[in-house]
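K.L.:
Model the structure of this input:
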Amino acid sequence: MAMAISSSGVSLQRTNSSSYSSGKGCKYAGQSVRALPIRILTVGKKRSPGVQLLVDEYIAKLKSYCHVSDVQIRSNPKNARDARAQVDYEDMAVVNLITSDDWVVLLDERGLDINSEQMADLVGDAGNTGASRLSFCIGGPYGHGQQIRERANISIKLSSMVLNHQIALVVLLEQLYRSWTILKGQKYHH
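P.N.:
Purely as a prediction, here's the structure:
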């Protein structure tokens, strides 16, 4: 599938999937792309030291391409006993950090299943939306609330399996780094 940005967001169209197998399926590969700053909003508990090392490593790698900020949002900020209330509090915390000119990507197990070249296209396309920042949202243990779902420009999934927020963050950062190497025509992705 290929993605196209319209004024209302991203739409997917079927294309020959074999065109992505060589790593040359990204429409922006080797072209100049407007690098939006990236902000990753992650709801969850304190990270393990090993995960933080990987996060720091990928953020350092990504800084060659764009500014990246990593925002941690405490899971269950009001210590709610009810899961729905917990999601609502987390939802409010995330939405309060999103501005009107953010281009928002929701990471969700029910989101669009995209490959690495399509992720690179998403990063490249986002630079053409007029947005001032690309914000990725990783939900807490019970997922995302309704407000952020409605605000998101696109919802994607990193895997068909449910991922812990720490693992999802590492996978996202690696895919963002891979996306930029695809966009720049560098030899990380093959």
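
K.L.:
Residue 68: what's it in contact with?
P.N.:
The contact partners of residue 68, by C-beta atoms under 8 Å, 6 or more residues apart in numbering, come to 37-40, 59, 62, 176. For glycine as for every other residue, the C-beta is placed from the backbone atoms N, C-alpha and C.

K.L.:
helices or strands next to whichever helix or strand residue 166 is part of in the packing?
P.N.:
Assessed by DSSP states H and E, residue 166 sits inside helix 165-183. For helix 165-183, the packing partners by 3 or more C-beta pairs under 8 Å, 6 or more residues apart in numbering; DSSP states H and E come out as strand 38-44, helix 49-62, helix 116-126, strand 133-138.

K.L.:
Just the buried residues of that helix, please?
P.N.:
By neighbour count on 16 or more other C-beta atoms under 10 Å, the buried set for helix 165-183 is 165-170, 172-183.

K.L.:
who wins for proximity to residue 106 among the helices and strands packed on helix 165-183?
P.N.:
For residue 106, the closest of the helices and strands packed on helix 165-183 is strand 133-138, at 5.2 Å, according to C-beta to C-beta.

K.L.:
any chance of the contacts of residue 68 in a markdown table, plus distance to residue 102?
P.N.:
Converted to a markdown table, those look like this (distance: C-beta to C-beta, whole Å):
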| residue | distance to residue 102 |
| --- | --- |
| 37 | 10 |
| 38 | 11 |
| 39 | 8 |
| 40 | 12 |
| 59 | 19 |
| 62 | 18 |
| 176 | 16 |
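
K.L.:
From these, pick the one nearest residue 99.
P.N.:
Residue 99 lies nearest to residue 39 out of those, by C-beta to C-beta, at 9.9 Å.

K.L.:
check contacts around that closest one.
P.N.:
Residue 39 touches 68-69, 71, 102, 133-136, counting by C-beta under 8 Å, 6+ apart.

K.L.:
For the residue nearest to residue 113 when sequence neighbours are not counted, grab the count of nearby residues.
P.N.:
The shortest distance from residue 113 to any non-neighbouring residue, by C-beta to C-beta, 6 or more residues apart in numbering, is to residue 157 (5.7 Å). By the criterion of other C-beta atoms under 10 Å, residue 157 has 18 neighbours.
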